[in-house]
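Chemist: please find the sequence and the predicted model below.
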Amino acid sequence: MVINSQTSATIEVVPNPSQSEQFLNVPWRVYKDDPNWVPPLKSEVADQLSPDNAFFNYGKTQQFLAINSDKEAVGRIVAAVDQRLIDKEGQNVGLFGFFECIEDQNIAFALFDAAANWLREQGMTLMRGPIDLTTHNGCLWLVDGFHSPPQIMIPYNPPYYESFFLAWGGEAVKEAYAYELPLQDQLDEKFAKAHRIATRSGITFRPLNTKGEAFEQEVNSLYELFDRCFEDSWSSTPRTKEEFMKQARSLQSLVDPDIFPIAEHNGEMVGFFMALPDYNIALKKVNGKLNWWGILKFLWYRRQIKQGRVLVICCLPEYRRKMIPLALIYKAFENRKFYEKAELSWVYADNLPSRRLIEETGATIEKTYRMYEKQL
């Protein structure tokens, strides 16, 4: 199916993007001259859009490609309906994600129009994004901080994406930040004091178990904590256990237990500090493919990693008075080894308690991201 447009490209419906090399290859055209871009693993993108993805048990999608006169793909977008999100918010909100486009506003408009029209046909009255099916996969556009490559599992895009969406009639509705923390200096004494208070209260700390059956048990406990602590997250619904376990297993070999401390009380997990080495430094070298040569390059370049990303600092509300969040930071900082800096990302601008906790470490805002909406 081809949708005619008044642009220098036609917009085509993609029957199955997980099998479409053109769809997967669009970013290589968009970022061909960008030294900070880290190529995504094509297999991971294809897996997210595969009919076997658990998302399709409660959601549906439609994918579009922009094709120029030379039959080359110059843009793409995915429109999605997540019924669980609709039920949670009580409004017909549709999503757009996986957007990539060359610097041509008319082509971008045509892609936005195609996604919006499909969402209207599904009964949606609001279009929100960028969200790659769910906020657990990927979301937000970078709007400030283009001077350095993205860390692992954090978005990156050309500067012109925001201006295209705003010119199309959308508006920014949510802002988020990435903080940077140099690790050469010592933390303030209050973090060590928090650790002493927590341990005197009966809290114990240990690294995450990453082996065998112990890892499976850890993931079950992490899943329960995520569900309890983040059930009210904006534009997000809890992952199914199947989805959570699948992602955890994909990250199992990447975890550094020393920077993933667990807090327990009477043998029950009550908090954790989730950080990962910045494997984007190695992934940048494999050009989107982990074939045998890509794996060898990945293993070689991972030795150069000296920075990490803090994804989550989590604690059950009833245990926060025991100073567990600050104590978890202390434990991770104590075991930082060869790491020279950390990125704490991302945190919404209106999440003031988390921002205050982060800023107490001395971290400063390094990058800014935004989410957008448009009424349909």
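Modeler: Arrived safely, thanks for sending.
Chemist: contacts and neighbour counts: CA atoms only from here.
Modeler: Noted.
Chemist: what helix or strand does the closest residue in space to Pro149 that isn't next to it in sequence sit in?
Modeler: Distances taken as Cα to Cα, 6 or more residues apart in numbering put Asn36 closest to Pro149, at 4.3 Å, once the chain neighbours are dropped. In this structure, Asn36 sits in neither a helix nor a strand according to DSSP states H and E.
Chemist: need the contact list for Asn36.
Modeler: 146-150 (Cα atoms under 8 Å, 6 or more residues apart in numbering).
Chemist: and what of Gly170?
Modeler: Contacts of Gly170 by Cα under 8 Å, 6+ apart are 372-375.
Chemist: got any ranges where the stretch 251-376 of the chain has weak pLDDT?
Modeler: For the stretch 251-376 of the chain, no stretch is flagged by pLDDT under 70.
Chemist: out of the contacts of Asn36, who has the most neighbours?
Modeler: The residue in these with the most neighbours, by other Cα atoms under 10 Å, is Pro150 (21 neighbours).
Chemist: and the gap between that residue and Asn209?
Modeler: 28 Å (Cα to Cα, to the nearest Å).
Chemist: before we move on, the earlier item: where does the residue nearest to Pro149 land on pLDDT?
Modeler: Note for Asn36: predicted pLDDT of 97.
Chemist: which residues of this structure fall in strands?
Modeler: Assigned strands in the chain, in chain order: 2-3, 9-14, 59-68, 73-82, 93-101, 126-129, 141-144, 171-182, 203-207, 261-265, 268-277, 307-315, 341-348, 364-375 (criterion: DSSP state E).
Chemist: quick one: mean pLDDT over the shortest one.
Modeler: Spelled out, it's strand 2-3. 50.
Chemist: returning to what we had before: the strands of the chain into TSV, with extra columns for mean neighbour count and distance to Ala115?
Modeler: Output for those, formatted as TSV (neighbours: other Cα atoms under 10 Å; distance: least, Cα to Cα, whole Å):
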stretch	mean neighbour count	distance to Ala115
strand 2-3	13	11
strand 9-14	21	10
strand 59-68	21	8
strand 73-82	27	5
strand 93-101	25	7
strand 126-129	23	9
strand 141-144	20	17
strand 171-182	18	16
strand 203-207	19	44
strand 261-265	22	42
strand 268-277	22	34
strand 307-315	22	30
strand 341-348	21	26
strand 364-375	20	12
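Chemist: can you add distance to Leu254 and give these back as TSV?
Modeler: What follows is those, written out as TSV (distance: least, Cα to Cα, whole Å):
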stretch	distance to Leu254
strand 2-3	42
strand 9-14	33
strand 59-68	30
strand 73-82	29
strand 93-101	24
strand 126-129	29
strand 141-144	25
strand 171-182	21
strand 203-207	14
strand 261-265	15
strand 268-277	7
strand 307-315	11
strand 341-348	16
strand 364-375	24
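Chemist: ok now stretch 153-173, how far from the chain's centre?
Modeler: Taking Cα atoms, centre = their mean, to the nearest Å, one finds the center of stretch 153-173 at 16 Å from the center of the full chain.
Chemist: please begin residue numbering at 749 from this point
Modeler: Taking 749 as the first residue, the last one we looked at is stretch 901-921.
Chemist: give the buried residues for it.
Modeler: For stretch 901-921, the neighbour count (16 or more other Cα atoms under 10 Å) marks 901-906, 909-910, 912-913, 916, 918-919 as buried.
Chemist: which ones among these map onto helices?
Modeler: 909-910, 912-913 (DSSP state H).
Chemist: distance between the ends of stretch 1021-1041?
Modeler: For stretch 1021-1041, the end-to-end distance is 33 Å (Cα to Cα).
Chemist: again with stretch 910-923
Modeler: 12 Å.
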